[in-house]
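1. Generate a structure from the sequence data that follows.
(2 chains)
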Amino acid sequence: MPAERMLQFVVVGAAPAAVAIPAAAVSNVLAERDFTGTALDLRELGTQRADAGGHVLLVRGAGAPIALRVRGELDLLSARETEVLPLPPSLGHAAWMSHLIAPRGIPLVLVLDLARLDESHTLGCPWESHSVEPET
Amino acid sequence: MMSNLKLTARCILTFAVLDALFNPLLMVAFVGLFRIDALGVAAFILPLLVLGKILVNSLFLSSELSVYERATGRNERGREDLLLSADRALQRLPQRFGIFYATSWSLTYALAFLAVYVLVPGAFGPRAIDAAGMLVAAVWFGGFAFGFPLAIMLTTAAASDCSLKARERGIVLDRDPIGLQGRIGFVALSLGLGPTLWMMALGYMKEVQAATEQRGTLSALAASEFAARVLADGGSTTRFAEEFRLSHRARGVERAVALISDGSLKPLTQVGDVDPISIARDWLKVEVERNPAGSWAPRDRDVSVSFRRLGQNQIAIALVQTSQGASSSFLLSAGVFALIVALWAPLCAVILARAVSLPIERLTRAAREIVEEGKQSEMATLPVARNDEVGILTDRFNDLLDLMRDLGTAADAIAKGDLRVAIQGKGELPDAFRGMLGSLRGMVHQISETSVELGSAATEIFAASQEQEAAAASQSSAMEEISRTMDSLSESAAHVSEAVRGVLSNAERTLDNTDAMVRRISELSTHAGRIGEILEVIREIADKSDLLALNGSLEANRAGEQGHGFALVASEMRRLAERVTASVQDVKRLVTDIRESGSTTVMATEESRRLAQGTTEAARQITFVTQQQRSGTEQVSQSVKGIADVVTQAVSATAQTRTSAERLKTQADRLTDLVRRFETAAERAA
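-> Sure thing, here's the model as predicted:
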């Protein structure tokens, strides 16, 4: 029996509001104060803690790279491919989530649908883009 | 107008007018006494002498009344000795001036007689000296009869005024008792003897004059009769003369002599024992040349000589000498009458005066016994002889005596405690007695009630005094205890003061230590802050390391199997960074705790500092207060000792009060007993 493929995800925040982003799509992780430019503000996802540290994730989607502004702890999650379940289109499309990770022993984590976050597919996106200025 | 004059002026004027009125009256008496040629001298001398008399009277009155005028003058009005002297002068003036006035009139009259006697020789007729003597005496009595009552009348108002003033000032006047009977008797004697002697003198002079005229008539008749016999009969003139003598002797003529003379008054017949020619030669020489007949009857001799011409060379001359028998009998009868008047007038006056004065004396004696000896109860009712003014006065006095007896009896009953008596009668005195009795009843009632209340109050005071005495004794002991306590308190305050000084020193050291601690904690807080800054740097480094490790892990994952080892290293780095971050968080928490603890410590230290400052201030205040307390305690101790002394005195005073209350109770009981003696109408009714 061949070994089952492992998929890596960058998990933002903590359960039950944690959001996972496929690690292969993340090209760089920056501290929020080190980033300059426009970022999609996803700080409402991942955690409810206002004092949690902010980060900007540079993600390679279908088009140009996207900067995602997130809040909360960042962690790496390894899940078997079988544990990554695609969401039904009717459900995932509305939540801008593509998959559900259901690993053993940990809470369920939704996977951000990066494909729709491309610049060309951001129409109707619930999250807004803002410019982020580095702290002086 | 007379009332406005001073008393001296009134007296002088009154008696001067009286003297002026008497002057012509006295001149009347001279007519019968003097020859007509002497009357002019008398009419000139008598007014002069009267004027002198008025002057002397004025001097006498001025001298006698000078003290009264001084006493009533403005400057001396308040002097007691002058008032007494003035009253004495007024009392003695009527008698002294009455005598002086009568004597002055007698002397004036006597001097007038003497002056006429000296200045006009032969002015007096026969027996004129006797009449003059009677007139002088009559004038004396008449002068006294006028002068004495008038002097009394003039001085009565002034003497009454003196009496009132003396009574107002409480001065007893020095007045000798005067017998009313004697004064009235002597005035009556004067009133009787004055006119009697006056009329007696005038009658005597008329008698002498009538005898003289009779003598002249007899002698003229005798001369005419002798001449007629000689002419008719031509007989012996000697025989005729003898018959003439005898016939006239038979008529009561003491001596009758008749003779014939020639024209040159040479006797032609026997002369006899008395020679009429030698007696009346001067008169005969003049008259026989002028008239055919004439008669000569001199007043100062008891003979009368008459003549009648018988022809050219013969003159019948007759002498008649009459005795003074008629005048002597008049004098005798007049003297007896005067004696009767002198005896009876004062006797009548005394009898009448006694009829007035005796009841008045009885009234005076009774009044004196009532006033001075208070014997109105023993005083018998005074007899009333007649219903005249004195009798009415005596009757009213008896009424007054009865009223006083009734009041005395009532007063005696009141004095014995019987207030039930009833006062009879009308008037202010019975009304006043009734008012007094009413007030006394009310007063006794009030005293009775008051004495009961007083006794009750005295009992309460006695009990209260006992309690107060005990309380004061206890208070005295307490004061002594307080004094000792205050002494002890003073010593304790000294100890407290010492202890507080130690507390102050410790508090000041604590304050210094607290300040040092605050400084240390502030430094610690500063260091903790710097540690926090360093930790923040470490945390940032850990975060960056974590991100580097995360990015490394991502890169390792993208590298596949080749990056597996790197992924492990990156994973370890991440765990290390997370551990550093966690440690930093722990250290930060510790630093935060340290800073919070430092802040709390600083706050606590600040509180301790404030407490230490408060303690220091309180210790200083305690030291000050303790010193004051010690001083105050010593003063209080002294005061308490003073109070203890006062309380001791109060104990003594309360004991005296208790004794006094005891005596007051005794007096109240006695007062109650005394009041019980009074029997009032209310008690009687009860």
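
2. Regarding the residue in chain A positioned nearest to chain B, what is its secondary structure?
-> Closest contact between chain A and chain B, by C-beta to the nearest C-beta, is at A:Gln8 (4.6 Å). Where C-beta positions appear, they are placed from N, C-alpha and C, glycine not excepted. Taken by DSSP: H, G, I helix; E, B strand; the rest coil, the conformation at A:Gln8 corresponds to strand.

3. Which residues of chain A lie near chain B?
-> A:8, A:10, A:23-24, A:26-31, A:53, A:55, A:74, A:76 (C-beta under 8 Å from any C-beta of the partner chain).

4. quick one on the thing from earlier: and for the residue of chain A closest to chain B, the neighbour number?
-> 19 (other C-beta atoms under 10 Å in any protein chain shown).

5. Identify the residues contacting it.
-> Counting by C-beta atoms under 8 Å, 6 or more residues apart in numbering or on different chains, A:Gln8 touches A:22-24, A:76-78, B:554, B:557.

6. Also B:Gln314?
-> For B:Gln314, the contacting residues are B:230, B:260-263, B:268, by C-beta under 8 Å, 6+ apart.

7. Max pairwise distance over the residues you listed: which two?
-> B:Val230 and B:Gly263 (15.5 Å; C-beta to C-beta).

8. which of those two has more neighbours?
-> Neighbour totals were compared for B:Val230 and B:Gly263, and B:Val230 leads with 21 against 13 (other C-beta under 10 Å).

9. is it true that that one touches B:Ala318?
-> No: with contact defined as C-beta atoms under 8 Å, B:Val230 does not count as touching B:Ala318 (11.1 Å).

10. what are the ranges of the strands in chain A?
-> For chain A, the strands defined by DSSP state E cover A:6-12, A:19-22, A:26-31, A:37-41, A:54-59, A:66-71, A:74-80, A:84-86, A:97-101, A:109-112, A:129-132.

11. Turn those strands into a markdown table, columns for mean pLDDT.
-> Below are the strands of chain A laid out as a markdown table (pLDDT from 0 to 100):
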| stretch | mean pLDDT |
| --- | --- |
| strand A:6-12 | 89 |
| strand A:19-22 | 90 |
| strand A:26-31 | 90 |
| strand A:37-41 | 86 |
| strand A:54-59 | 89 |
| strand A:66-71 | 88 |
| strand A:74-80 | 88 |
| strand A:84-86 | 89 |
| strand A:97-101 | 87 |
| strand A:109-112 | 88 |
| strand A:129-132 | 78 |
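
12. quick one: low-confidence ranges for the stretch 151-300 of chain B?
-> B:233-241, B:250-252, B:270-272, B:299-300 (pLDDT under 70).

13. What segments of it are helices?
-> Using DSSP state H, counting those that start in this stretch, the helices of the stretch 151-300 of chain B run over B:180-233, B:237-250, B:276-279, B:281-290.

14. just checking, what packs against the third one?
-> Contact partners of helix B:276-279 among helices and strands, from 3 or more C-beta pairs under 8 Å, 6 or more residues apart in numbering or on different chains; DSSP states H and E: strand B:255-261, strand B:303-309, strand B:315-321.

15. Now that we have those strands, can you turn them into CSV and tack on mean neighbour count?
-> Below are the helices and strands packed on helix B:276-279 laid out as CSV (neighbours: other C-beta atoms under 10 Å in any protein chain shown):
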stretch, mean neighbour count
strand B:255-261, 24
strand B:303-309, 26
strand B:315-321, 26
